[in-house]
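**Student:** Structure, please.
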Amino acid sequence: MSNIIDWRWIPRGILLGLLAFAIFGPLANLLLWAVAERWYFPHTLPLQYGFSFWANVFSPRGNALSSLATSVVIAGLTVVVSLGLAIPAGYALARLKLPFRGLILLTLLIPQAFPNLPVYVNIAQMFYSFGLNGTITGVVLVHVTHGLVYAVWIATAAFSAIDRELEEAARSMGASALKTFFDITLPIAAPGLLASAIFVFLESLDEFTGTYFVGAPDISTLPLLLYTASSGGNYQIASISALILLVPSIAFMFVVERFLRADVLSKVGR
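**Tutor:** Numbering: from 1, shown residues only. This is a model prediction of the structure:
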């Protein structure tokens, strides 16, 4: 009885193996550096493992916890400002017959269309004249320019996915437009808005370039700490900082997958 080999699976297996290596290889290297006490060329693996660098990071003299707290505060404020602007804008784009609606949505992508470096250099110069450099307010405003894209697009999709007949039924029963919005429309759109808030939060949590040019050296966030450690050759501290940033990103992605429905996704950008 001869074994029949399906040769078609060989290139697929190679492709999947390369994909797995591209995804999990850097993560494995990150984990190794996070627990490496001594590791230098030409050794393939660390010579000594331990958690002394973790103790340094979380010690009272370490800056990781204070930088993480600053990052969380900035990300939270960015979410509040972005959603405060995105909810009325998203509702207007979803419900009102606005001229050039598609052009308005595309205009929100302008901050993403240009290289970040020259944009943030000019923003830093402008903020300096207003005294916003080195302040939480200045950093939050920079983060909002990026977060607002996700917030408005997803909020527009969330409101567009709501059946208008539900709002019309509430209005026909005597509810005012404001009461209909808060009692009917907003609760139904809440899962999409929650997903929007998570996207904005993660974008702000990982933002480096804008924070560096507008906030440094007075404002220290976790991405700035990661950059400082890696540029100084302290790869253990950099890897630990990266893992701290990675945990909320993965956790929140599961939340997004749970709440961002397919009907909302189908309305994004439409």
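**Student:** Next up, the contacts around the residue nearest to Ser239 when sequence neighbours are not counted.
**Tutor:** The shortest distance from Ser239 to any non-neighbouring residue, by CB to CB, 6 or more residues apart in numbering, is to Trp33 (3.8 Å). Bear in mind the C-beta positions are built from the backbone N, C-alpha and C, glycine included. Trp33 is in contact with 39, 235-236, 238-239, counting by CB atoms under 8 Å, 6 or more residues apart in numbering.
**Student:** Walk me through the domains of the protein.
**Tutor:** With domains defined by automatic domain parsing, the chain comprises 9-50, 63-265.
**Student:** average pLDDT for the first one?
**Tutor:** For domain 9-50, the mean per-residue pLDDT is 84.
**Student:** Centre of the chain to that domain, how far?
**Tutor:** The chain centre lies 25 Å from the centre of domain 9-50; the measure is CA atoms, centre = their mean, to the nearest Å.
**Student:** so where do the strands sit in the protein?
**Tutor:** 36-38, 48-49 (DSSP state E).
**Student:** Put together CSV for these, with distance to Leu83 and mean neighbour count on each row.
**Tutor:** Output for the strands of the chain, formatted as CSV (distance: least, CB to CB, whole Å; neighbours: other CB atoms under 10 Å):
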stretch, distance to Leu83, mean neighbour count
strand 36-38, 41, 14
strand 48-49, 44, 11
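**Student:** for the domains of the chain, which one ends up most surrounded?
**Tutor:** With neighbours taken as mean count of other CB atoms under 10 Å, the domains of the chain reach their highest mean count in domain 63-265, at a mean of 18.
**Student:** Report the contact partners of Trp54.
**Tutor:** Residues in contact with Trp54 (CB under 8 Å, 6+ apart) are 34, 240.
**Student:** distance of it from Ala22?
**Tutor:** Here the criterion is CB to CB, to the nearest Å. By it, Trp54 lies 27 Å from Ala22.
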